[in-house]
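Sharing a model prediction with you, sequence too.
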Amino acid sequence: MPKDPNVLFSYINMKLRDTYPSLDELCASEGCKREDIEKILHSAGFFYDESSNRFAAKQS
């Protein structure tokens with residue numbers, strides 16, 4: 001998994017778009033913790049939108 005939040009954002013969204021129907025399935029398959037991904041991306045201003053199955057920038 002990429003460590004840089006912006007690279008991680010792109011990587012995770014690509015995987016969610018192309019391969020996985022949910023963040024939980026991505027984490028199970030890739031062997032990572034959902035909480036860790038959300039913490040990193042949240043600190044960079046992104047949140048997970050389950051309805052669209054992607055991370056997006058927080059709206060001000």
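Yep, that arrived.

what about this structure, any weak spots by pLDDT?
Residue ranges of the chain with pLDDT under 70: 60.

which residues does the residue nearest to the spatial centre of it contact?
In the chain, the centroid-proximal residue (CA atoms, centre = their mean) is Ile12; its distance is 4.5 Å. Neighbour list for Ile12: 23, 26, 37, 41, 55 [criterion: CB atoms under 8 Å, 6 or more residues apart in numbering]. Heads up, the C-betas are built off the backbone N, CA and C, glycines and all.

Count residues in the vicinity of the second one, would you?
A count of nearby residues for Leu26, using other CB atoms under 10 Å, gives 18.

ok, it - contacts?
Neighbour list for Leu26: 12, 15-16, 19-20, 32 [criterion: CB under 8 Å, 6+ apart].

Which one of those sits in the busiest neighbourhood?
Going by other CB under 10 Å, Ile12 tops the contacts of Leu26 with 26 neighbours.

Pro21 versus that residue, what's the distance?
Applying CB to CB, to the nearest Å, the value for Ile12 to Pro21 is 14 Å.

same check, this time on Asp49
Noted for Asp49: a distance of 14 Å to Pro21, by CB to CB.

Quick check: buried residues in the helix of greatest length in the chain?
Secondary structure assigned by DSSP state H gives helix 5-18 as the longest helix of the chain. For helix 5-18, a neighbour-count test (16 or more other CB atoms under 10 Å) marks 8-9, 12-13, 16 as buried.
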